[in-house]
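Undergrad: give the three-dimensional model of this entry:
(2 chains)
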Number of protein chains: 2
Amino acid sequence: MKVGVVGLGSMGFGIAVSLLRAGNEVWGEDINPAAVRRLQSQGASSGNLAQALPLLDALVVVVLNGAQTEEVLFGEAGSVAALRKGAVVICCVTVAPDFARQMAARCEWFGVLYLDAPISGGSVKAAAGKLSVMASGVPAAFAAAQPVLQATAEKVFDLGEHAGMGSAMKAVNQMLAGTHIAAMAEAITFGLTQGISAETFLKVIPDCAGTSWMLENRAPHIVAGNYTPHSAVDIWPKDLGIVLDAAQAAGFDAPLTTAALTQFKAASAMGLGREDDAAVAKVYARASGLSLPGEG
Amino acid sequence: MKVGVVGLGSMGFGIAVSLLRAGNEVWGEDINPAAVRRLQSQGASSGNLAQALPLLDALVVVVLNGAQTEEVLFGEAGSVAALRKGAVVICCVTVAPDFARQMAARCEWFGVLYLDAPISGGSVKAAAGKLSVMASGVPAAFAAAQPVLQATAEKVFDLGEHAGMGSAMKAVNQMLAGTHIAAMAEAITFGLTQGISAETFLKVIPDCAGTSWMLENRAPHIVAGNYTPHSAVDIWPKDLGIVLDAAQAAGFDAPLTTAALTQFKAASAMGLGREDDAAVAKVYARASGLSLPGEG
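TA: Modelled structure (predicted):
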């Protein structure tokens, strides 16, 4: 397979490396030339992705948001017009379900297939080729994407033939994941007010009914006082914004998600947007004059 | 050991049965005489607990709330005055940390030990003697309670010598558990608005970062349309009320917990208080005109 990967951040780079490992010919593209060169040093083609577009079987898009996705696919140097008919765009970006439907329809107009394929699992699983993919698209899109999914995913959830359903499932997952991070932050800091240390919290809760995947993944960052971003605070205003836009359009009220979004926005406003998302605990700590581990 | 158990609901009955299984002599008491007789048929003493109080090594309290606890310990027929010096009260009720501290101090005045010992795990684990216990108390209270803990608990978290810390840890756990149930209800119903069925939600999310212990435990009730109470809606206005009272006293703002409490109160106001707590999903479904599995 000849595969292009646009967006070589921690997720996209891991996907590209997994594709190389599986024996595919890979072209990488990123606004950061160093990331492209680093991928080339791991075996990617030294050629320019833009020139290789007509040769590609699949184009994997792993950029930050919908606006970047639209620019990559249909902007001034839009890729889709240059792809051959029957090639597949695999969009791993977290976008609104409606946006995914629009992208699929516009690709179809060019005879290009579209797989709505948001991912879950983090950079370690991306590099290992063990992502979870929530995918939807026409059977031909699944078939064309199959070698890419096989190289990069441990689990592929087939959410049917309509683009948008993968993104809807991802929105549901992000709603829970973001809310659980904020709930963890709320509980670990509430515990501090009651004399329960962050260490004790982390020792006890994972064995109790109050645990969550996010709690077990993120609470250790707070206990260690280490906010090096695995996943940044600023992901959440974007992703929970997508969730709440879709909810509002459906006349659905989501008070817990709304409360979580408020906390992440507060963290961002405090200048913590680039820190690990566990830093949302600092919003609670500042508001109540508490010290988190590693602080004063 | 001679042990009394006050409160033979699903948790107390399981604890009493576990104590019998371990070879202890057990007296049971409940407002429901049938529960007492059922325990007697499983080997408990046929005598009256009130008359046995001076003989007891330990009195386990598994009633519904703080008011009942205070009545049992210090009310008109209060037990503590009748216990021998050095006997231990093991209080498994979810109560406010301050209330636990008061009970311990009043017991101490009578020369009776007090273990602040809220439990987690549900009725199945209670019957199997495999509860998690979040315990705090003076070393003599732990020592006196040891045979009871051994017979009833798989995990005992030692939260130190101060009564109240066990209850504080339980409050932190309930804060997370209640918030996660409401978050699950919010996400599963939001998914319905986006065309994601409850079945698909349950198939996908447990393999993704959005999962929680409560989600995996309660979402199946929604998918099955079965609201037979394992743990009832009405637990949560009580338990989250304890959490938010403690938070308010500490000047701590807990917006997600507050939002969750609002949803459980709404469920209760809709007449769902005695249903399984997963029925909080009906609050979301009613507000948006959605049908949950098993409904119209």
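
Undergrad: all contacts plus neighbour counts: C-alpha atoms, from now on.
TA: Fine.

Undergrad: relative to chain B, which residue of the stretch 101-250 of chain A is the closest?
TA: Residue nearest to chain B within the stretch 101-250 of chain A: A:Ser212 (3.8 Å; Cα to the nearest Cα).

Undergrad: which ones are touching that residue?
TA: Listed by Cα atoms under 8 Å, 6 or more residues apart in numbering or on different chains, the contact partners of A:Ser212 are A:180, A:206, B:210-213.

Undergrad: next one: A:Cys91
TA: Taking Cα under 8 Å, 6+ apart as the test, what A:Cys91 contacts is A:60-62, A:114-118.

Undergrad: now A:Gly166
TA: A:97, A:116-118, A:134-136, A:159.

Undergrad: now, the residues you listed that are in strands?
TA: Judged by DSSP state E, the contacts of A:Gly166 include A:116, A:134-135 as members of strands.

Undergrad: ranking those by neighbours, who comes first?
TA: A:Asp116 (34 neighbours; other Cα atoms under 10 Å in any protein chain shown).

Undergrad: so who does that residue touch?
TA: Counted by Cα under 8 Å, 6+ apart, A:Asp116 has contacts A:90-92, A:100, A:104, A:134-137, A:163-167.

Undergrad: of all these, which two lie farthest apart?
TA: Farthest apart among those by Cα to Cα are A:Ala104 and A:Met134. That separation is 15.6 Å.

Undergrad: quick check: A:Val112 touching A:Val88?
TA: Yes. Applying Cα atoms under 8 Å, one finds A:Val112 in contact with A:Val88, separated by 5.9 Å.

Undergrad: neighbour count: those two, which is higher?
TA: Neighbour count, other Cα under 10 Å: between A:Val112 and A:Val88, A:Val88 has more, with 27 against 22.

Undergrad: tell me how many other residues crowd the closest residue to A:Gly210 other than its chain neighbours.
TA: In this structure, A:Gly210 finds its nearest non-sequential neighbour in B:Ala177, 4.3 Å apart by Cα to Cα, 6 or more residues apart in numbering or on different chains. Neighbours of B:Ala177 under the rule other Cα under 10 Å: 25.

Undergrad: what of A:Leu115?
TA: So A:Leu115, with other Cα under 10 Å, has 31 neighbours.

Undergrad: who does it form a beta bridge with?
TA: A:Ile90 (DSSP bridges).

Undergrad: list the contacts of it.
TA: Residues in contact with A:Leu115 (Cα under 8 Å, 6+ apart) are A:88-91, A:104, A:135-138, A:141-142, A:145, A:163.

Undergrad: residue boundaries of the helices in chain A?
TA: A:10-21, A:33-41, A:49-52, A:66-74, A:97-109, A:122-128, A:139-152, A:165-193, A:198-204, A:213-224, A:235-249, A:255-267, A:281-288 (DSSP state H).

Undergrad: what's the most buried one of those helices?
TA: Highest mean neighbour count of the helices of chain A: helix A:165-193, a mean of 28 (counted as mean count of other Cα atoms under 10 Å in any protein chain shown).

Undergrad: averaged pLDDT, that helix. What do you get?
TA: The predicted model gives helix A:165-193 an average pLDDT of 98.

Undergrad: can you check what angle separates it from helix A:281-288?
TA: 40 degrees (axes from the mean of the first three to the mean of the last three Cα atoms, to 10 degrees).

Undergrad: quick one: helix A:165-193 to helix A:235-249, angle?
TA: Using the same axes, to 10 degrees: helix A:165-193 against helix A:235-249 is 120 degrees.

Undergrad: helix A:165-193: how far from the chain's middle?
TA: Offset of helix A:165-193 from its chain centre (Cα atoms, centre = their mean, to the nearest Å): 15 Å.
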